[in-house]
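S.K.: Let's see this in three dimensions:
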Amino acid sequence: FILPSCKALSGINGVAISYSNCGWSGQPSTSSVGYPQRAIEILESEVCPDILLMPNGSPNSHTTITSTNIGIERYYLAQVIDMCSEKGVTPVIWSFLPSNSSIDVPVGSKNYGATDSLRIALNQEVLGWREKGLTVVDFSTILNGTINANGQIPMATGTTTDGIHPSDSGNARLTNI
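M.R.: Residues are numbered from 1 along each chain as shown. Next up, the predicted model:
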């Protein structure tokens with residue numbers, strides 16, 4: 001969703017917008033520590049972005065959702081936001097996306113069941129940070145499907161091909177936001 005957004009924004013006032021994707025495929029992480037760690041490494045490097053986009057959690061990083069890993073999400077996200085403030089970088093946080101379980105079509109591997117309510121509660125908490133002046137984008141709601149028999153909200157029909165990542169049509173929904 002970022003590349004189409006950059007292309008659309010680049011046409012405004014003739015200023016080119018570029019980005020670097022630091023969500024590297026195949027990089028395992030525990031409780032999304034990988035995302036904030038990469039963000040911190042970037043903020044500590046000579047390359048200092050104007051804006052840092054980051055999820056408040058990722059289905060790539062969780063096979064289950066617990067209060068403990070939600071607490072870890074909060075902790076590391078707060079560290080990145082603090083470091084952005086120190087470096088003069090604007091953080092833009094997007095909500096923890098839904099994902100599909102083994103009973104959904106397309107099938108996904110994230111059987112959160114009723115614990116998906118913890119992901120939803122974290123998203124609501126982080127969306128409340130808007131009142132503190134942070135830019136938080138609600139990507140989850142636009143990709144939400146209908147709650148399944150396990151008590152989990154999967155991605156909406158047609159927005160994913162693998163049950164975890166947005167497809168081109170899912171990304172088109174995100175780009176508009």
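
S.K.: What separation do you get for residue 160 and residue 78?
M.R.: 29 Å (Cβ to Cβ, to the nearest Å). Heads up, the C-betas are built off the backbone N, CA and C, glycines and all.

S.K.: Comparing these two, which residue is more hemmed in?
M.R.: residue 160 (24 against 11; other Cβ atoms under 10 Å).

S.K.: Surely that one touches residue 168?
M.R.: No: using Cβ atoms under 8 Å, residue 160 is not in contact with residue 168, being 10.3 Å away.

S.K.: got a list of what residue 50 touches?
M.R.: The contact partners of residue 50, by Cβ atoms under 8 Å, 6 or more residues apart in numbering, come to 89-90.

S.K.: Next: the one 5 residues further on.
M.R.: In this structure, residue 55 makes contact with 32, 35, 93-97, judged by Cβ under 8 Å, 6+ apart.

S.K.: ok, now with 10 Å
M.R.: When contacts are counted by Cβ atoms under 10 Å, 6 or more residues apart in numbering, residue 55 touches 23, 32, 35-36, 61, 73, 77, 93-97, 126, 137, 139-140.

S.K.: Looking at strand pairing, list the partners for it.
M.R.: residue 94 (DSSP bridges).

S.K.: Distance check, it against residue 148.
M.R.: From residue 55 to residue 148 the distance is 22 Å (Cβ to Cβ).

S.K.: likewise residue 89?
M.R.: 38 Å.

S.K.: So for the two, which sits in the more crowded spot?
M.R.: More crowded of residue 89 and residue 148, by other Cβ under 10 Å: residue 89, with 19 against 16.

S.K.: For residue 36, see how far away residue 72 is.
M.R.: Relative to residue 36, and taking Cβ to Cβ, residue 72 is found at 9 Å.

S.K.: Between the two, which is the more surrounded one?
M.R.: Legend: neighbour count by other Cβ under 10 Å for residue 72 and residue 36, higher for residue 36 (23 against 18).

S.K.: Mind listing what's buried along the strand or helix carrying that one?
M.R.: In the assignment (DSSP states H and E), residue 36 maps to helix 34-44. By 16 or more other Cβ atoms under 10 Å, the buried positions in helix 34-44 come out as 34-39, 42-43.
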